[in-house]
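**Q** My questions are about this predicted structure, shown below with the sequence.
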Amino acid sequence: MRDDTALAKDAGGGEDMAQAMLALGRRARSAARALATADSAAKHRALMGMAAALRAQTDAILAANAGDMEAARQAGLGAALLDRLALDAGRVEAMARGVEAIAQLPDPVGAVMDAWTRPNGLRIERVRTPLGVIGVIYESRPNVTADAGALCLAAGNAVILRGGSDSAASSRAIHAALQAGITAAGLPQDAILLVPTRDRAAVGEMLKGLGQTIDVIVPRGGRSLVERVQAEARVPVFAHLEGLCHLYIDGQADLDMAREIAVNAKMRRTGICGAAETLLVDRAVASTHLAPILAALAAAGCEIRGTAEVCAAWPSAHPATDEDFSTEYLDAIISVALVDGVEGAIEHIGTHSSHHTEAVVTQDPAVARRFFDAIDSAILLHNASTQFADGGEFGMGAEIGIATGKMHARGPVGVEQLTSFQYHVHGTGQTRP
């Protein structure tokens, strides 16, 4: 079996990229067959070993990340993208804890989702099964290497990871730790494979399905990546479009709560997909709520872009364009508008949303119900920050992304969402008349 270094040399040198990637797909398919029948104890050992290896190899991971960070600074990456790329000891520890949390989740493979008996005595069960081989294409954030690898393995799937060029060294170092844990548990090392070349042609080959060895593609990145995947993929896609998240402050909102949630939703981490990008305030409380909330955001370092009436109430705001209300900033910038109650918020969100995450702050349960009933996004929150749009916060250990489509998986894609199902039919000799 060739290692990834050899494959990278082949792909970048003499061997045709398509053949090199096909070989990678076949290795993953072989590993997937073994993983499909691996018992829960073996997967648990592998995951715990992966977490231990991440901790043991922290220095190597941080050294690799330092190189990526220096290259990114030289390339002129902005502060938000640098934050997504950066690792420190705390973030490596968080990766390890996330893998451990996944290890503690119930094994979904083989779980009976439903069961019933027909009048003829046939016993029918719907049983969870692995998807097979998952291709994950992502940008910048190196922790996705650990999250995606662990989640796919826990669900009995092999995975082919293709990280961003900016985080290539970091991802290689994390991947080495994951493979150490897998090997120690006696599972196939090819269960988690990392595409070893930065050549973008490798992405194109993955989107073709690698000779039908890939069962599903999960893109995690900006609009251009997701749109390319959706346009070119010949296999099913769990779409994760941009997080154009809205926060609506209702006329029945508690001001202190609204202010605290707004600052957290925007400023806790501006570069994640759950960061609020648009603030909507009910005109009914504009005179009491708008200025204190904007003052708190500005004090936290946020740039305000507002409509004409927002600028009139907050003169330091920059005039917002129509494009601003359809922009995922991933930065310390927020668009602000006044709306006529919850119906105005629903109309605005329906026009501009990417169907990722929206939140309402209100003390009126009827308003919250109306907001939840009328808005078609994957995640809706009442009196809580949009930054809770995260698989770990949902108790899933981690996530492979937030799916904004409606087929198969929606919202945080965790272990259960990385399975399919079969029907198992048990008889006692029945034949069909």
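**A** In hand now; what should we look at? Numbering: from 1, shown residues only.

**Q** elements contacting the longest helix along the chain?
**A** Secondary structure assigned by DSSP state H gives helix 17-36 as the longest helix of the chain. If contacts are counted by 3 or more Cβ pairs under 8 Å, 6 or more residues apart in numbering; DSSP states H and E, helix 17-36 sits against helix 4-12, strand 123-130, strand 133-138, strand 158-162, strand 192-194, helix 201-208. C-beta here means a position set from N, CA and C on the backbone, and glycine is covered the same way.

**Q** residues of the helix or strand just after it that come out buried?
**A** On the C-terminal side of helix 17-36, the closest following helix or strand by DSSP states H and E is helix 40-56. By 16 or more other Cβ atoms under 10 Å, the buried positions in helix 40-56 come out as 42-54.

**Q** Run through the stretch 101-250 of the chain and note the low-pLDDT ranges.
**A** Applying pLDDT under 70 to the stretch 101-250 of the chain flags the ranges 241.

**Q** what ranges do the helices span in it?
**A** With DSSP state H, counting those that start in this stretch as the criterion, the stretch 101-250 of the chain has helices at 143-154, 168-184, 201-208, 223-232.

**Q** Give me whichever of those helices is most buried.
**A** Mean neighbour count (mean count of other Cβ atoms under 10 Å) peaks for helix 143-154 among the helices of the stretch 101-250 of the chain, with a mean of 28.

**Q** how about the CA coordinates for that one, as CSV?
**A** Backbone C-alpha positions of helix 143-154 (Å, rounded to 0.1, in the frame of the first residue of the first chain) are rendered in CSV as follows:
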residue,chain,number,x,y,z
ASN,A,143,-10.1,21.6,12.9
VAL,A,144,-12.5,20.3,10.3
THR,A,145,-9.8,17.6,9.6
ALA,A,146,-10.4,16.2,13.1
ASP,A,147,-14.1,16.8,13.3
ALA,A,148,-14.9,15.2,9.9
GLY,A,149,-12.5,12.3,10.3
ALA,A,150,-13.9,11.4,13.7
LEU,A,151,-17.6,11.8,12.8
CYS,A,152,-17.2,9.7,9.6
LEU,A,153,-15.4,6.9,11.4
ALA,A,154,-18.0,6.9,14.3
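
**Q** got the contact list for the closest residue to Ala239 other than its chain neighbours?
**A** Leaving aside its chain neighbours, Ala239 sits nearest to Gly405 (4.3 Å; criterion: Cβ to Cβ, 6 or more residues apart in numbering). Listed by Cβ atoms under 8 Å, 6 or more residues apart in numbering, the contact partners of Gly405 are 237-239.

**Q** ok, and the most crowded of the residues you listed?
**A** Within these, most neighbours by other Cβ atoms under 10 Å means Phe238, with 26 neighbours.

**Q** For stretch 296-316, buried residues please.
**A** For stretch 296-316, using 16+ other Cβ under 10 Å, the buried residues are 296-297, 302, 304-307, 310-311, 313-314.

**Q** what pLDDT, on average, does the strand or helix carrying Met257 get?
**A** Applying DSSP H and E as the criterion places Met257 in helix 255-267. Across helix 255-267, pLDDT averages out at 98.

**Q** Only the buried residues of that helix, if you could.
**A** Buried residues in helix 255-267 (16+ other Cβ under 10 Å): 258-259, 261-267.

**Q** Which residues outside stretch 89-104 are in contact with it?
**A** With contacts defined as Cβ under 8 Å, 6+ apart, stretch 89-104 is touched by 43-44, 47-48, 50-52, 54-55, 58, 61-62, 143, 146-147, 150-151, 154, 174, 392, 397-398, 415.

**Q** coming back round to it: report the secondary structure state of the residue nearest to Ala239.
**A** Using DSSP: H, G, I helix; E, B strand; the rest coil, the structure places Gly405 in coil.

**Q** domain ranges for this structure?
**A** 4-238+413-424, 245-388 (automatic domain parsing).

**Q** gap between the first one and the chain center?
**A** Taking Cα atoms, centre = their mean, to the nearest Å, one finds the center of domain 4-238+413-424 at 12 Å from the center of the full chain.

**Q** The next helix or strand after the helix holding Met257: partners in the sheet, and parallel or antiparallel?
**A** Per DSSP H and E, helix 255-267 leads on to strand 276-282 as the next helix or strand towards the C-terminus. The strands that strand 276-282 pairs with in its sheet are strand 245-249 (parallel), strand 333-339 (parallel) (by DSSP bridges).

**Q** Reformat those as TSV; add mean neighbour count and distance to Leu280.
**A** Converted to TSV, the strands paired with strand 276-282 look like this (neighbours: other Cβ atoms under 10 Å; distance: least, Cβ to Cβ, whole Å):
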stretch	mean neighbour count	distance to Leu280
strand 245-249	28	4
strand 333-339	24	5
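
**Q** Columns distance to Val425 on top of these, output as TSV?
**A** Output for those, formatted as TSV (distance: least, Cβ to Cβ, whole Å):
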stretch	distance to Val425
strand 245-249	44
strand 333-339	53
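
**Q** closest one to Asp376 among those strands?
**A** Closest approach to Asp376 among the strands paired with strand 276-282 (Cβ to Cβ): strand 245-249, 12.6 Å.

**Q** what inclination does the closest one have with respect to helix 255-267?
**A** Here strand 245-249 runs at an angle of 170 degrees relative to helix 255-267 (axes from the mean of the first three to the mean of the last three Cα atoms, to 10 degrees).

**Q** List the contacts of strand 245-249.
**A** With Cβ under 8 Å, 6+ apart as the test, strand 245-249 has contacts from 258, 261-262, 265-266, 273-282, 285, 289, 293, 339, 342, 345, 348-349, 352-353, 356-361, 371, 386, 389.

**Q** Give the buried residues for stretch 364-373.
**A** Across stretch 364-373, burial judged by 16+ other Cβ under 10 Å covers 367-368, 370-371.

**Q** ok, now stretch 182-199?
**A** Within stretch 182-199, the residues that count as buried by 16+ other Cβ under 10 Å are 182, 185, 187-188, 190-197, 199.

**Q** End to end on it, go ahead and measure it.
**A** End-to-end span of stretch 182-199 (Cα to Cα, to the nearest Å): 27 Å.

**Q** same deal with stretch 337-357?
**A** The straight-line separation of the ends of stretch 337-357 (Cα to Cα) is 18 Å.

**Q** Which of the three states applies to the residue nearest to Ala320 when sequence neighbours are not counted?
**A** For Ala320, ignoring the flanking residues on the chain, the nearest one in space by Cβ to Cβ, 6+ apart is Arg305 at 4.0 Å. Following three-state DSSP, Arg305 is assigned to strand.

**Q** Arg305 against Glu323, yeah?
**A** No - between Arg305 and Glu323 there is no contact under Cβ atoms under 8 Å: 10.2 Å.

**Q** Buried ones from the contacts of strand 245-249, can you make that a PyMOL selection?
**A** Typed into PyMOL, the line below selects the buried ones among these, using 16+ other Cβ under 10 Å:
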select buried, resi 258+261+262+265+266+273+274+275+276+277+278+279+280+281+282+285+289+293+339+342+345+348+349+352+353+356+357+358+359+360+361+371+386+389
